[in-house]
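*Asks:* sequence-free structure coming up:
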């Protein structure tokens, strides 16, 4: 599965990273604590979170994540979006709850990062 597939299937808004939608997704991880994400998420995972600040981008780059989905309609500020573009981090947004997004990803076959 690639990022473009989940964008279309979940009707996600592309906030940043339009050029990299062909990235493969190998699994998913959901957490709001950056330390948990750094300890458990894997390269090419999609990360689902409520966080929308520049430190999220640093974690995404460090772990080589496929994309970050920010839930509940939360939008990163302009500076964070510009940094995401510069770092080629795909940031997506959903108006739905974190639980709903994770459930829909699981239904699509995105496995949990173990």
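*Replies:* Sure thing, it's come through. Keep in mind it's a predicted model, so treat the numbers as computed, not measured. Residues are numbered from 1 along each chain as shown.

*Asks:* and residue 73, backbone torsions?
*Replies:* Backbone dihedrals for residue 73, given as degrees, to the nearest 10, come out at phi 70, psi 10.

*Asks:* if I read this right, it contacts residue 95, doesn't it?
*Replies:* Yes. Residue 73 lies in contact with residue 95 (C-beta atoms under 8 Å); the separation is 4.4 Å. Where you see a C-beta, it was placed from the backbone N, CA and C, and this is true even at glycine.

*Asks:* what secondary structure does the most centrally placed residue in the chain sit in?
*Replies:* For the chain, the residue sitting closest to the mean C-alpha position, by C-alpha atoms, centre = their mean, is residue 68 at 1.4 Å. Residue 68 falls in the strand class when you classify it by DSSP: H, G, I helix; E, B strand; the rest coil.

*Asks:* which residues touch it?
*Replies:* With contacts taken as C-beta atoms under 8 Å, 6 or more residues apart in numbering, residue 68 has the following neighbours: 46, 47, 49, 56, 57, 60, 89, 90, 91, 92.
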